[in-house]
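Trainee: pasting the sequence and the predicted coordinates here, then a few questions.
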Amino acid sequence: MWRTTGTAVIGASPSLSFSLLRSRSITCAVSRLAPYPPDLVKWVRREGGFVHQAVTIAHVPPHGLGLVAAHEIPQGSDLIGLPPHLPLKFDDGSSSVLASLAQRVPEELWAMRLGLRLLQERARTGSFWWPYISNLPETYSVPIFFQGEDIKNLQYAPLLHQVNKRCRFLLEFEKEVKDAIANLKPGDHPFGGQDIDASSLGWAMSAVSSRAFLLHRDKLSEGVLNDMPMMLPLIDMCNHSFDPNAKIIQDQDAENSQMIVKAGLLCFLQVVAKKDIKRNDPLELSYGCLSNDLFLLDYGFVITANPYDCIELRYDGALLDAASMAAGLSSPSFSFPAPWQREILSQLKLDGEAKDLKVTLGGPELVDGRFLAALRVLHADDAETVLKRNLGNLQSLSSEPSLGIANEVATLRTIIGLCAIVLQHFPTKIMEDESLLKQGVSGSSELAIQFRIQKKSLIVNVMMEMSQRVKLIQSKESATAA
Ligand SMILES: C[S@@+](CC[C@H](N)C(=O)[O-])C[C@H]1O[C@@H](n2cnc3c(N)ncnc32)[C@H](O)[C@@H]1O
């Protein structure tokens, strides 16, 4: 039953630290662990679950497999209901060795904890979950499996940092796992005597991060719902959309012991149609309002024009001085704010002991509120006017120019200047990236290039949006003056 997931190659590129390169191609996303896995729909029904008669598993290029409606399904219909014993959770049957290994996994890499459990079931002969596990993809297109060169090709430091952190963790965790299981008796071995390496750990972590759902498990004593990641067979065949036609419903009523009765079956949770679904439509869920960084890191894909994508910047006075000079503004004061301006920067947590200098551009807000307020304040020279204003209003792009037209234009032009500087720091231009894609590249290179194109497009969009605002403000001003 156990199939090896390839070998880890450390430091695949001379300039980048780590990658868990596999020997297999990552583009073969549809290839499953077993060549002919059992029918998942039949298994779920046999185990007491409910599957709408129109729900089928099909190829949904380029997303791999997905659920598709074989005929029309009206809004509100029950699509899938799972009984409580079908989800794969960490606690079921996990040994003490597994539990102590799980404790060594940092909170942010929670997927690795459930991944240990998945590896345990993957190795167990006759596992109850084999019909589910055998249907899982054999490989994942997440960047921990990219060639070192493709990690570098992402061209975006915050993501490079995350990828390297994950790779480093997996390589260190491999040693911890090997040490923990080295001298165990065969009966105590959590992975049935199988060897575990960074690559198999990476496979399990990616299987979980790309498929698990955080669900309410039980209410703590204070009545607070405790979230727990679970793998939901069949439901996790749904692909992602920001405008999904299906949603997951879980009964949150503890008195009701988290059960829903559907079609005479006792279900732990269910998927229902949010809209009327047409014949051949894919059934889609929303994985959340995530940036492309998270989609790529956890799921191995990138969304074009993702409204939740953003770029992370570090608030830096010298950089902002350069940005306002690039925008043609004279005497910038970002590097040496006046005491009253520093006081406001501290309130915005962009100065002082509790400072958090990470700011963002893009996403629904377009410009990070704290950052926008700081720019407005630092372009102002009259403390009295600024101190009369509400700090909340200063953080909003939608409000009227709160510190006057000249201040607003200078603020927006500084953002445009900053965007120009950030764009210049990317080693390639969008046009070059697009022509590379046209030439044809490997699956991981394509993802890396798509990712950086999206980051650059986002910056261009912010620049365009800011320029439009400048024009609008100036035209309003000249109309008033006329
Ligand atoms: C929960 S699984 C969905 C089932 C999966 N397509 C399969 O073949 O098993 C999530 C994975 O599906 C793919 N996927 C889902 N939604 C996608 C989307 N909107 N664009 C690209 N790939 C998507 C990605 O490979 C992702 O890691």
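Mentor: Happy to help now that I have it.
Trainee: from the ligand, how far out is the residue nearest the centre of the chain?
Mentor: Geometric centre of the chain, nearest residue: Leu294, 2.0 Å, by C-alpha atoms, centre = their mean. For Leu294, the distance to the ligand (C-beta to the nearest ligand atom, to the nearest Å) stands at 12 Å. Every C-beta, even on glycine, is put in place using the N, C-alpha and C of the backbone.
Trainee: after the helix or strand harbouring Leu119, next one along is what?
Mentor: Using DSSP states H and E, Leu119 sits in helix 110-123. Once helix 110-123 ends, the next helix or strand along the chain (criterion: DSSP H and E) is helix 130-133.
Trainee: that older thread, the helix holding Leu119 vs the ligand: in contact?
Mentor: No - applying C-beta under 6 Å from any ligand atom, one finds helix 110-123 separated from the ligand by no less than 12.0 Å.
Trainee: which other helices and strands does that helix contact?
Mentor: helix 96-103, helix 130-133, helix 198-211, strand 225-230 (3 or more C-beta pairs under 8 Å, 6 or more residues apart in numbering; DSSP states H and E).
Trainee: any idea of the mean pLDDT in the first one?
Mentor: Helix 96-103 shows an average pLDDT of 92 in the prediction.
Trainee: try the longest one
Mentor: The predicted model gives helix 198-211 an average pLDDT of 98.
Trainee: what helices and strands are in contact with it?
Mentor: helix 110-123, helix 157-181.
Trainee: next, Pro233: phi, psi?
Mentor: phi -50, psi 140 (degrees, to the nearest 10).
Trainee: for it, which residues are in contact?
Mentor: If you count contacts by C-beta atoms under 8 Å, 6 or more residues apart in numbering, Pro233 has them with Leu40, Trp43, Val44, Leu82, Leu86, Pro87, Leu88, Trp129, Pro131, Tyr132.
Trainee: sort out for me which of the residues you listed are in strands.
Mentor: Mapping these onto strands (DSSP state E) picks out Leu82.
Trainee: quick check, nearest of the contacts of Pro233 to the ligand?
Mentor: Leu40 (10.1 Å; C-beta to the nearest ligand atom).
Trainee: tell me how many other residues surround that closest one.
Mentor: 19 (other C-beta atoms under 10 Å).
Trainee: now do Ile311
Mentor: 21.
Trainee: and Lys275, by the same measure?
Mentor: Based on other C-beta under 10 Å, the number of other residues close to Lys275 is 15.
Trainee: ok, now Asp356?
Mentor: Asp356 has 10 nearby residues by other C-beta under 10 Å.
Trainee: can you give me the end-to-end distance of stretch 117-135?
Mentor: 17 Å (C-alpha to C-alpha, to the nearest Å).
Trainee: quick one: name the residues of the stretch 151-300 of the chain near the ligand.
Mentor: Ser210, Arg211, Asp236, Met237, Asn239, His240, Tyr299, Gly300.
Trainee: find the nearest non-adjacent residue to the second one, please.
Mentor: With sequence-adjacent residues excluded and distances taken as C-beta to C-beta, 6 or more residues apart in numbering, Arg211 is closest to Asp236, at 4.1 Å.
Trainee: how close does that neighbour sit to Pro337?
Mentor: Distance, Asp236 to Pro337, using C-beta to C-beta, to the nearest Å: 50 Å.
Trainee: I'd like the helices and strands packed on helix 198-211 as JSON lines, with mean neighbour count and mean pLDDT appended.
Mentor: Output for those, formatted as JSON lines (neighbours: other C-beta atoms under 10 Å; pLDDT from 0 to 100):
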{"stretch": "helix 110-123", "mean neighbour count": "24", "mean pLDDT": "96"}
{"stretch": "helix 157-181", "mean neighbour count": "18", "mean pLDDT": "97"}
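Trainee: done for today, thanks.
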